[in-house]
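sharing a sequence plus its predicted fold:
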Amino acid sequence: MANAMLHQTVGTLQLHGSSGIHFQGGNNSVRLVPKGFKVEVGFCKRGICSSGEKKFSVIQASASQTSVFDPVLSPSNNGTHESLKKSNEAALILIRHGESLWNEKNLFTGCVDVPLTKKGVEEAIEAGKRISNIPVDMIFTSALIRAQMTAMLAMTQHRRKKVPIIMHNENEQARVWSQIHSEDTIKQSIPVIAAWQLNERMYGELQGLNKQETADRFGKEKVHEWRRSYDIPPPNGESLEMCAERAVAYFKDEIEPQLLSGKNVMIAAHGNSLRSIIMYLDKLTSQEVISLELSTGIPMLYIFKEGKFIRRGSPIAPTEAGVYAYTRKLAQYRQKLDEMLH
Ligand SMILES: O=C(O)[C@H](O)COP(=O)(O)O
């Protein structure tokens, strides 16, 4: 059965998958949740439900749990929302894609869908080595190939050897044709969700132009303003603020509930869509975010605990004994991996 992901928001129903699960909208009663599925309860962060209402997600239990029971970090499924918040520590890894062919040519890329260079492939693999001991239960990428390549290449280095599988829910046929018919195989996989909301900011009329030539033509200050200010868009493009409106909203609505339930998440995206998310995580002002720069292919680790995001830096390497980024739970996870693999 397809990895049915159901989200009930108060009074309406979005049904994905042929699961036949029935929800009673409005009063939030959930009925007929079939065997093998589980109900996850999260609170809406914004918009879809009125404040304080619950948003139910009914997810195929085997596809939603940590693929192999990780006693250290498995989400406790029987907690209430508050106790979930208290008990769960979840890892959040952010990675800007490796160098792309247009990064190499110093062209404005935005939403043009270009692949990685050989160096970008190497950067993605190196990033994977650095996070190879950190648990990953779900992966979110943008809809652009450079971010998806980065995520898949990085996961080739992960010691858990789970298989990242891009979810195809674009239509009913895609869902049915991409079904996995083995519970064990599902448990050994990591769902990868590609979302356009995580795409790089759309650079409008600058897309395809050389950055240096553009600065020569319009002036260095103007181009810096387009590239790094918060609310000034490039010609017919998105400002960082406009990019944040979709990227941060998606993070709050789709990714944060997963972290809240104890899922460890990796996001592979872009310089500006990630700058907008980091602005939210680190509570940066529109002034502070101007100086925020992200290198290609460098993973950043956050710990989500009790509703807060704690930046833990960039794991230097899996074997670095004193990797300051690790928390006690992450160190225990790494130890269990060592035991499992030796
Ligand atoms: O879209 C692009 O050109 C790059 O990914 C990011 O460009 P920037 O560093 O100029 O924002």
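Perfect, I can see it now.

how near is the residue of the stretch 51-200 of the chain found nearest the ligand to residue 145?
Residue nearest to the ligand within the stretch 51-200 of the chain (C-beta to the nearest ligand atom): residue 109, separated by 3.6 Å. All C-beta atoms are positioned from the backbone trio N, CA, C, and that covers glycine. For residue 109, the distance to residue 145 (C-beta to C-beta, to the nearest Å) stands at 12 Å.

neighbour count winner among those two?
Between residue 109 and residue 145, counted using other C-beta atoms under 10 Å, the more crowded position is residue 109 (24 against 16).

ok, for the more buried one, nearest residue in space, not its chain neighbours?
residue 102 (4.4 Å; C-beta to C-beta, 6 or more residues apart in numbering).

what is the neighbour count of the one you found?
Residues near residue 102, counting by other C-beta under 10 Å, number 20.

give me the phi and psi for it.
Note on residue 102: backbone dihedrals following degrees, to the nearest 10 are phi -90, psi -20.

dump the residue contacts of it.
108-109, 112, 114, 208 (C-beta atoms under 8 Å, 6 or more residues apart in numbering).

toward the C-terminus, what is the element adjacent to the helix or strand where residue 303 lies?
If you go by DSSP states H and E, residue 303 is part of strand 299-305. Following strand 299-305 in sequence order, the next helix or strand is strand 308-313 (DSSP H and E).

who touches that following strand?
Strand 308-313 is contacted by residues 92, 281-282, 300-304, 324-327 when judged by C-beta under 8 Å, 6+ apart.

which PyMOL command selects the buried ones in those residues?
Buried members of those, defined by 16 or more other C-beta atoms under 10 Å, are picked up in PyMOL with:
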select buried, resi 92+281+300+301+302+303+304+325+326
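
ok, the contacts of residue 102 vs residue 181, which is closest?
Distance ranking of the contacts of residue 102 against residue 181, using C-beta to C-beta, places residue 114 first at 35.6 Å.

and that closest one, what does it touch?
Neighbours of residue 114 in contact, by C-beta under 8 Å, 6+ apart: 100-102, 145-146.

now swap in residue 208 and tell me
Under the criterion of C-beta under 8 Å, 6+ apart, the neighbours of residue 208 are 102, 107-108, 112.

pLDDT below threshold where in this structure?
Within the chain, the ranges that satisfy pLDDT under 70 run 1-87, 317-325.

need the helices for it, in chain order.
Secondary structure of the chain (DSSP state H): helices at 61-64, 81-87, 101-104, 118-130, 145-155, 172-177, 183-187, 211-218, 220-228, 240-250, 256-260, 271-281, 328-341.

buried deepest among the ones you listed, which one?
helix 145-155 (a mean of 25; mean count of other C-beta atoms under 10 Å).

chain center to stretch 127-140: distance?
11 Å (C-alpha atoms, centre = their mean, to the nearest Å).

over to stretch 134-149?
6 Å.

for stretch 270-289, same thing?
On C-alpha atoms, centre = their mean, the centre of stretch 270-289 falls 15 Å from that of its chain.

do that stretch and the ligand meet?
Yes: Stretch 270-289 is in contact with the ligand by C-beta under 6 Å from any ligand atom, via 270-272.

how about stretch 116-129 and the ligand, any contact?
No: applying C-beta under 6 Å from any ligand atom, one finds stretch 116-129 separated from the ligand by no less than 11.4 Å.
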